[in-house]
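A.B. asks: 3D model of this:
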Amino acid sequence: METKIGVNVRPIREVEDENLGSVSLKEIQTFFRKGGDKKKSAMSHFTPVLLYPYLDEKKARLNYPVIIGGNSERPVPLSRMIDELIEKIGAEGDEGEKLRRALLRLEVEMKSWTDPNKIYTLADLWQIGSEKLASKIDEKKKEATLGYLKTAKQTLGLEGRVLTCSDKSIGALFGYLWSSSWDSSNKEIDKEVTELIAKLDDILRVDDAKSGKAKRPEYLKASMGAAEIDYNALSNVLSSVKSTNFLPVERRRRMEKNLRTLRNYWGKFKNATVDKIKAHDCVSALKIWRDQLPDLLQFITAARTAYLEINSKYVKFDKIIEANLDENDLALSLPILVDMTVDKLDAENRYALLEIANKGLPIKVLIRTNKTGSKLAQRAMMQGNLYVMQTTASHTEHLISGFEKGLAYQGPALFHVYIDDSPRISTYLHTASALESRAVPAFDFNPTGASWAERFDLSSTPQPESEWSTESVVVQVTGGGGNEETEREFCFTLADFLALNSDFVDYFMPVPKSSWNNAMAPIDDYLKMDDVKGKIPYISLVDHNGILWRAVVSEKLISTIYSSMNGWRSLQELAGINNSHVQKVIHAEKERLEEEKQLEIAAIQQAHQDELDKTVAEMTETIVSRIAAGLLTEGTSAPLISLAPSSSPKHVAPSEDSVKEVEVSGTDHDVADEEDEEEESFDDPYIDTPMCATCNECITRNSAMFAYDDNKQAYIKDLSAGTYADLVVAAEKCPVRVIHPGKPKDSNEPGLDELIKRAEPFN
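C.D. replies: The predicted structure follows:
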């Protein structure tokens, strides 16, 4: 799980055992439609598969217990403190390993003896753990082990308190973080107010020095302190000198009053403690605010007046009222912390919380809840000026960082923290399950962000980009006379979390492997299906013996899970994850780009076709011109273009001279022989050279087989330099279709049947 620091592996086995019983398909289908009987449910014997490896928390190194007020500046888990202690001691070799083992065993004992209803000192829990460990060690090793623990104890110092994962600990952590941040966060303000008080006091002291009171012997002695001076004589001398330029009486009284106001209020401000400032609900917090408001207004009035007095710029100004206060003024109010449970959040307290938010009062509200599905935190962040954190008690890192940021924020803050006990698993695992299953998502809303993306943060929820968190576990599959280990990935869904709740056990029916069937589908897959007809959703469980089962999820629970999924998706959209508006814009942009691309392709194709048409037209004109020229010079009896290649090396249409020779020499042949010879000649490949468009396709294909003549028009140069495939491909690529492959010469060439079919349109 996301909250782990370390993990203790417990084996999970997939076994088909008849002793585990069986469930018929009809029983499964009936349960899916109607649910079961809560009293007859056996769910208390099962744990969701992803929780099973963590059941032995004493050995699993998780985020609790947490140490506060120790040597670390921030709260730190006990497991991390032990690791840092081992590193700090720096022992190496065999001694270092023995020390490490001793401290890890001590850690287990310390966790074993923690009571969730108590807050221990680190020294006390260390002592308890040491004694329990010593009682389990062999006498021969006891002295050495106790020696290691003594060394570690001296190095650590054992300061601080130990918090377990409990309702009480959340309030303690809240108060501790406020106390540790209060002094440091107000150093700058304290410096300004202290200087203001000092300067105002100096002015009054100077005025006192001019008065008769300052010339009395006892006053002189107190201010100078030198024993050898005759203060009576000095007093007589000074009294004879008349002082002038005293502060006007009205101004002096005003300054004295302001000085008293500043000192009294600032003393309360600096000495604030958790016990003095904590309220038990929002209504009482508002009452405290209203009660202290007059003091705050007087303090701010006194501070502004004192500033003007010191700079000799005082002019009377309008009375300061609550409506005039800005966030800097509100930051000077005495802090108020609210620590309450959700059952106290009635209508009156909801209205009080709304007033705190609307007025921007610097009241920090912690609400501990044991209810899932609450929208309180989501509605609160819509106020806009309220710092909001929602998390679970198990998520210590987020809990601590959220408290720190919210306490540092000048305005109001709401901390909504889920914690609930479970009779079946520990409080820690139960609250961690709520987080992992999205039942209680973790998020922050910080109003100081410039944009929504900077204000809202969902990253504290495990795997926020996914619908459900997933994790892989090793499963030992038993069957066929042996065991095989496989690593499988499982989702932790809301159904897994609800399976731990006694109120929902009648919605789950455990099914052993012997009764599994193809109709069953993992619930995360089931929820994605468009058509679920005939499908039955299940979650994976493990029994007390580590055997893997499936639990059918009743149809009655599916709508609840869908609703939770939709709520989670809404939060994802707020965080910019799978945002439907963004996806809609992206889809529209993709369509626009695709349309532009198709138009561009069509334009290119049209331009190519136009160029090709132009080339063919020009070529046709050239051929016609040549034919016309031939008709004019040779008469109409001579053939213009030979349909078969000559016996010369160049496979082109015969020249006019060769035509004449054929006419003369061929007179002795009969007509039948000429027809047979002409028919055979069509089996030979040839090119209509005069019609060649000089496209380079055939030359590029095989420059040894094809070549250009003096007019840069193609002819077959060497038929043996290529294959029949070269001829067919060249014919297919020729834009003016002047290449005629004929019949293949090599009957052994592969793929001839297909090549002959492809050549037919060109012969």
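A.B. asks: from here on, contacts and neighbour counts on C-alpha atoms
C.D. replies: OK.
A.B. asks: buried residues in the helix or strand hosting residue 303?
C.D. replies: Using DSSP states H and E, residue 303 falls within helix 282-310. Neighbour-count burial for helix 282-310, with 16 or more other C-alpha atoms under 10 Å as criterion, is recorded at 282-283, 285-286, 288-289, 293, 295-303, 305-307, 309.
A.B. asks: Same question for stretch 567-575.
C.D. replies: Per 16+ other C-alpha under 10 Å, stretch 567-575 contains these buried residues: 567-572, 574-575.
A.B. asks: Tabulate those residues in TSV, adding columns for secondary structure, pLDDT and distance to residue 31.
C.D. replies: Converted to TSV, those look like this (DSSP: H, G, I helix; E, B strand; the rest coil; pLDDT from 0 to 100; distance: C-alpha to C-alpha, whole Å):
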residue	secondary structure	pLDDT	distance to residue 31
567	helix	92	27
568	helix	94	28
569	helix	93	29
570	helix	92	32
571	helix	93	33
572	helix	93	34
574	helix	91	38
575	coil	88	38
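A.B. asks: mind giving me CSV with those and columns for distance to residue 531?
C.D. replies: Converted to CSV, the buried residues of stretch 567-575 look like this (distance: C-alpha to C-alpha, whole Å):
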residue, distance to residue 531
567, 22
568, 23
569, 21
570, 24
571, 26
572, 25
574, 29
575, 30
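A.B. asks: next helix or strand past the helix holding residue 303?
C.D. replies: The element immediately downstream of helix 282-310 (helix or strand, assigned by DSSP H and E) is helix 327-330.
A.B. asks: Now do the strands in the stretch 451-600 of the chain.
C.D. replies: 456-457, 469-479, 482-492, 508-511, 520-522, 536-543, 548-553 (DSSP state E, counting those that start in this stretch).
A.B. asks: The fourth one pairs with which strands?
C.D. replies: As defined by DSSP bridges, the strand partners of strand 508-511 come to strand 548-553 (antiparallel).
A.B. asks: and the strand it pairs with, how far from the chain's centre?
C.D. replies: On the basis of C-alpha atoms, centre = their mean, to the nearest Å, strand 548-553 sits 30 Å off its chain's mean C-alpha point.
A.B. asks: Now do it: everything it contacts.
C.D. replies: 12-15, 28, 31-32, 49, 495, 507-513, 516, 523, 536-543 (C-alpha atoms under 8 Å, 6 or more residues apart in numbering).
A.B. asks: Tell me the buried residues within those.
C.D. replies: 12-15, 28, 31-32, 49, 495, 507-513, 516, 523, 536-543.
A.B. asks: Please tell me the pLDDT value assigned to residue 590.
C.D. replies: Residue 590 carries a pLDDT value of 87.
A.B. asks: For residue 256, see how far away it is.
C.D. replies: Using C-alpha to C-alpha, to the nearest Å, residue 590 is found at 74 Å from residue 256.
A.B. asks: When those two are compared, which one has more neighbours?
C.D. replies: Higher neighbour count among residue 590 and residue 256: residue 256, with 16 against 12, using other C-alpha atoms under 10 Å.
A.B. asks: give the contact list for that one.
C.D. replies: Going by C-alpha under 8 Å, 6+ apart, residue 256 touches residue 204.
A.B. asks: What of residue 473?
C.D. replies: By C-alpha under 8 Å, 6+ apart, the contact set of residue 473 is 50, 487-490.
A.B. asks: could you say what helices and strands the one helix or strand residue 144 maps to packs with?
C.D. replies: Taking DSSP H and E as the criterion, residue 144 maps to helix 139-156. With contacts defined as 3 or more C-alpha pairs under 8 Å, 6 or more residues apart in numbering; DSSP states H and E, helix 139-156 has these neighbours: helix 78-89, helix 93-112, helix 122-135.
A.B. asks: Direction-wise, compare the last one with helix 78-89 and give the angle.
C.D. replies: An angle of 80 degrees separates the directions of helix 122-135 and helix 78-89 when computed by axes from the mean of the first three to the mean of the last three C-alpha atoms, to 10 degrees.
A.B. asks: Would you mind listing the buried residues in helix 122-135?
C.D. replies: Neighbour-count burial for helix 122-135 [16+ other C-alpha under 10 Å]: 122-123, 125-126, 128-130, 132-134.
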